[in-house]
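In: With the sequence up front, the predicted model follows.
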Amino acid sequence: MPRYPSVDLVRGAAIALMVLVHFVENLSPRAASSSTLYDACTYLGGLPAPLFAFVSGFSFSLWVRAQRADGCCERAITRTALRRGLFLFVAGLLFNFCIWLPEETFNWDILTLLGASLVLLAFARHLEPPVLTVVAVLILLLCPALRAVGDFPVYWEDDAFTYDHTPRDVIFGFVANGYFPLFPWLLFPLAGHLAGELDSGRIRGQWKMPAVGAGLIAVAAGFVAWGDVAPGLLARAYADGYSEFPASTPYLLGMLGFCLVTLGCSRRVFDSRAPGFAVRELSRFSRFSLTIYVVHHVAHLWPLWLYGAWINPADVTGFWRNAIGTPLAFGLAVAFLILTAIALRWSDRWKNYSLEARLRRLCG
């Protein structure tokens, strides 16, 4: 499949921003962190996950197009997509078990979202764009009701998802209550796939994507303003401010618009010229984004758990969000990114050991 520098740039930037945000939010005490740096990282924390999920859907559409161009039959494409989706889903559960510890296996991280989304897109790719658009709108409309049925607030305490290991909690966590539940987060890979289906491949036609994105951002701002005058039920459901957890309607519309503007502008600017230094570096991050996602969690969370177990075995996670100051956490994130960039310059030596290589070898 041919690679678009613009897509690699956006995905690479998303994973780099994830690293910065996760180091700061997981290592710094939020109660005492009123610094501008912490506030900025917290605010920017709502950007990378939608970007990453949107680009995954866009890339899926490009991959399907390339498979068809190579003469692959539809059944073979579906099988490969299903295998890849199941690989990511299982990898997400193993990631939760090993990184966030066994009791958080079903907190539904972004890897389980991407895996489940890929399984669904394996079948949804046969739908026409107008039908996909209707599905996306239904997701926006129905998610507040799903959260109400699932008692969303009951499972969140101090901005953290908590649940019992019961079938109901696990299922509702996956559907509507977890960190990245299928509804509404399916919206981003679905919209990315739709954008990929409508993408003409011509640079000149890329103004449409930013234009639609700007319109959605304006609509999101309108929803926020509408919250001051809307009736109580409608305000709680659709005009409840800008919130990632739960993903409010203004947040979803605004982030979807941001994804469209970012990718559309990137397509116009970077796909028509030779890649510069930043594009080359972030493209390497993009090609190994899955590996970087897992490794950066190991790098900053396992030391917390090990030190916590040494200090107080009864409270292994005692230093989560309470370990070091924001500037030091940010500096460690920058150091990790620099070391990663250096390591990726020799990626040809170890690329066969990456998670991306495992996925291709096992799933095709």
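Out: All right, it came through fine.
In: The helix ranked longest in the chain - what's its average pLDDT?
Out: The single longest helix within the chain, with elements called by DSSP state H, is helix 74-99. Helix 74-99 shows a mean pLDDT of 96.
In: Of all the residues in it, which ones are buried?
Out: 77, 80-81, 83-89, 91-93, 95-96 (16 or more other C-beta atoms under 10 Å). C-beta: built from backbone N, CA, C; applies to glycine.
In: Against Leu190, how distant is the residue most central in space within the chain?
Out: Note on the chain: the residue nearest the mean C-alpha position is Ala49, at 2.7 Å, using C-alpha atoms, centre = their mean. Ala49 is 15 Å from Leu190, where distance means C-beta to C-beta, to the nearest Å.
In: related to what we said a few turns ago, is the residue nearest to the centre of the chain located within a strand, as I assumed?
Out: No: Ala49 is assigned helix when assessed by DSSP: H, G, I helix; E, B strand; the rest coil, not a strand.
In: Just to check, it is in contact with Phe180?
Out: Yes: counting by C-beta atoms under 8 Å, Ala49 does reach Phe180; the two are 6.7 Å apart.
In: who's in contact with Gly264?
Out: Gln206, Trp207, Lys208, Met209, Pro210, Ala211, Gly213 (C-beta atoms under 8 Å, 6 or more residues apart in numbering).
In: now Arg30, what's its secondary structure?
Out: coil.
In: That one and Ala323 touch, don't they?
Out: No: in this structure Arg30 lies outside contact range of Ala323 using C-beta under 8 Å: 11.8 Å.
In: Helices of the stretch 251-364 of the chain, start to end?
Out: Along the stretch 251-364 of the chain, counting by DSSP state H, counting those that start in this stretch, helices occupy 277-287, 289-311, 326-344, 347-350, 355-363.
In: can you redo the ones you listed as a markdown table with distance to Val170?
Out: What follows is the helices of the stretch 251-364 of the chain, written out as a markdown table (distance: least, C-beta to C-beta, whole Å):
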| stretch | distance to Val170 |
| --- | --- |
| helix 277-287 | 32 |
| helix 289-311 | 22 |
| helix 326-344 | 32 |
| helix 347-350 | 36 |
| helix 355-363 | 25 |
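In: Tell me which of these sits nearest to Pro102.
Out: Proximity to Pro102 (C-beta to C-beta) singles out helix 289-311 among the helices of the stretch 251-364 of the chain, at 11.6 Å.
In: And the contacts of that closest one?
Out: 11-12, 14-15, 18-19, 22-23, 26-27, 52, 95, 99-101, 111, 285, 315-320, 323, 332-333, 336, 340, 354-356, 359.
In: Show me which positions of stretch 167-179 end up buried.
Out: For stretch 167-179, using 16+ other C-beta under 10 Å, the buried residues are Asp169, Val170, Phe172, Gly173, Phe174, Val175, Ala176, Asn177, Gly178, Tyr179.
In: okay, and for the chain, where does confidence drop off?
Out: Along the chain, segments meeting pLDDT under 70 span 1-2, 31-34, 200-206, 227-237, 239, 274.
In: can you pull out the strands in it?
Out: 156-157, 160-161 (DSSP state E).
In: Other residues contacting the first one?
Out: Spelled out, it's strand 156-157. Taking C-beta under 8 Å, 6+ apart as the rule, strand 156-157 contacts Thr162, Phe245.
In: Provide the strand pairings for that strand, with the direction of each partner.
Out: strand 160-161 (antiparallel) (DSSP bridges).
In: What lies in contact with the strand it pairs with?
Out: Asn107, Trp108, Tyr155, Gly173, Asn177, Gly178, Tyr179, Phe245.
In: got those residues as CSV, with distance to Leu127 columns?
Out: Shown next, in CSV, are the contacts of strand 160-161 (distance: C-beta to C-beta, whole Å):
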residue, distance to Leu127
Asn107, 30
Trp108, 25
Tyr155, 32
Gly173, 27
Asn177, 27
Gly178, 26
Tyr179, 28
Phe245, 29
